[in-house]
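**Student:** quick one, fold the following:
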Amino acid sequence: MESYAILPAHSKGREYPEEPSNYRSVFQRDRDRILHCGSFRKLQFKTQVFLANKGDYYRTRLTHTLEVAQIARTVSKVLGVNSELAEAIALAHDLGHPPFGHTGEEELNKLLTNDGGFDHNIQTLKIVTKLEQMYASHPGLNLTIETLDGIIKHNGPLNIVNKYITEEIKDLKKFNFKKPPSIEAQIAAISDDIAYNSHDLGDGLRAGFFSLSDIKSLPIVKEAFQEVEIKYKSINYKTKCYEIIRYFLNNLVTNVIDESSKRLNLIKGNNLETLKNEKLKLIDFNKNTKQNLEIVRKYLFENMYRSKEVIFEREKCSKVIVDLFNLYNNNLNLLPCDWQKKIKYSKSETPKRIIGDYISGMTDRFAINQHKVLVN
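**Tutor:** Alright, predicted model coming up:
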């Protein structure tokens, strides 16, 4: 591995010390703990863009997460950094998403305005440090400091540290929130961008929000379209869509590897601490691709995310979140017994904050069913 890779032997350890495994590295254990936790399984029934009941082919949070992890693993191996750490961060990155995707997040953020708001990255941290209760010896999953750092800095270094982040961390001295995240964490973050831009184009085509003729002049898509047209003279429309999205994704991955390799070459031989003082973003697309991807994002926003059909679904989902929150807030006895106990014995969190935790852990279908039973 390269000098700037994070080696398992150099890990800062876990918040609760443990005996090492005889046959798995610390980052392999992180990955496995994330895969086995309940919050990870719930992702299969949480919205990416389309509600899970809209069709079996559309992405869910789980399939999105698996695609992000696969891209992160590939990029990190090519760049010579720790693929196990990159994969662990990628697998954890969306654990904190509530039901109904960003709609659920926005509503919970409004409902918890006076109680710290709601941010799915912070909620992910809370899940892996506190809410998951799988182990007798410690709360949460007791992940390594490096994986936690990557989760916290999913969007980059923090200039302002939310108090809800510091509340979830046992030993703050092991973290430096203002330094850039590790190379592995940067790879996990950009893999998220690659995955959702690629699969949202694919899902948009399948759902009929736009056709190939509508998007064939978009940057990156245009090159993919031309390549497929030349290579395959007579393929059906459905297969052509798959080929074009495959080319689109591969183009982005290749661009990240090429551009990041150039930047990393400048700091070869430096160790991690030297690297973390580096102001240049080390894992990124080149300037032209970043501009082109922004055009694609804008197109998706205007033609899919803000379409009448999606907005109509979002409004229904918003109502479910608001109704359930208000119902539980006014009738704490409707919460499961263990959640009622959390409210009764909590010394640091308000009832609303705990209700927010409960709702955010719901799957789409559970939230909809609860709404049917309790509200309708």
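**Student:** the longest helix along the chain packs against which elements?
**Tutor:** Using DSSP state H to define each element, the chain has its longest helix at helix 237-265. Helix 237-265 sits against helix 61-79, helix 183-207, helix 212-215, helix 221-231, helix 287-300, with contacts defined as 3 or more C-beta pairs under 8 Å, 6 or more residues apart in numbering; DSSP states H and E. (Glycine included, C-beta is placed from N, CA and C.)
**Student:** buried deepest among those helices, which one?
**Tutor:** Of all the helices and strands packed on helix 237-265, helix 183-207 carries the top mean neighbour count, a mean of 24, counting by mean count of other C-beta atoms under 10 Å.
**Student:** distance from the chain centre to that helix, please.
**Tutor:** With C-alpha atoms, centre = their mean, to the nearest Å as the basis, helix 183-207 stands 10 Å off its chain's centre.
**Student:** report the rounded mean pLDDT for that helix.
**Tutor:** Mean pLDDT, helix 183-207: 95.
**Student:** what is it packed up against?
**Tutor:** helix 61-79, helix 83-92, helix 145-152, helix 212-215, helix 237-265, helix 287-300.
**Student:** any weak-confidence spans in the stretch 201-350 of the chain?
**Tutor:** Along the stretch 201-350 of the chain, segments meeting pLDDT under 70 span 274-280.
**Student:** could you dump the helices and strands packed on helix 237-265 to JSON lines with distance to P17?
**Tutor:** What follows is these, written out as JSON lines (distance: least, C-beta to C-beta, whole Å):
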{"stretch": "helix 61-79", "distance to P17": "27"}
{"stretch": "helix 183-207", "distance to P17": "23"}
{"stretch": "helix 212-215", "distance to P17": "52"}
{"stretch": "helix 221-231", "distance to P17": "50"}
{"stretch": "helix 287-300", "distance to P17": "42"}
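**Student:** nearest to D149, out of those?
**Tutor:** Distance to D149, taken as C-beta to C-beta, is lowest for helix 183-207 among the helices and strands packed on helix 237-265, at 6.8 Å.
**Student:** how is the residue nearest to S21 when sequence neighbours are not counted classified with respect to secondary structure?
**Tutor:** Spatial nearest neighbour of S21, excluding adjacent residues (C-beta to C-beta, 6 or more residues apart in numbering): R29 at 5.9 Å. Classification of R29 using DSSP: H, G, I helix; E, B strand; the rest coil returns helix.
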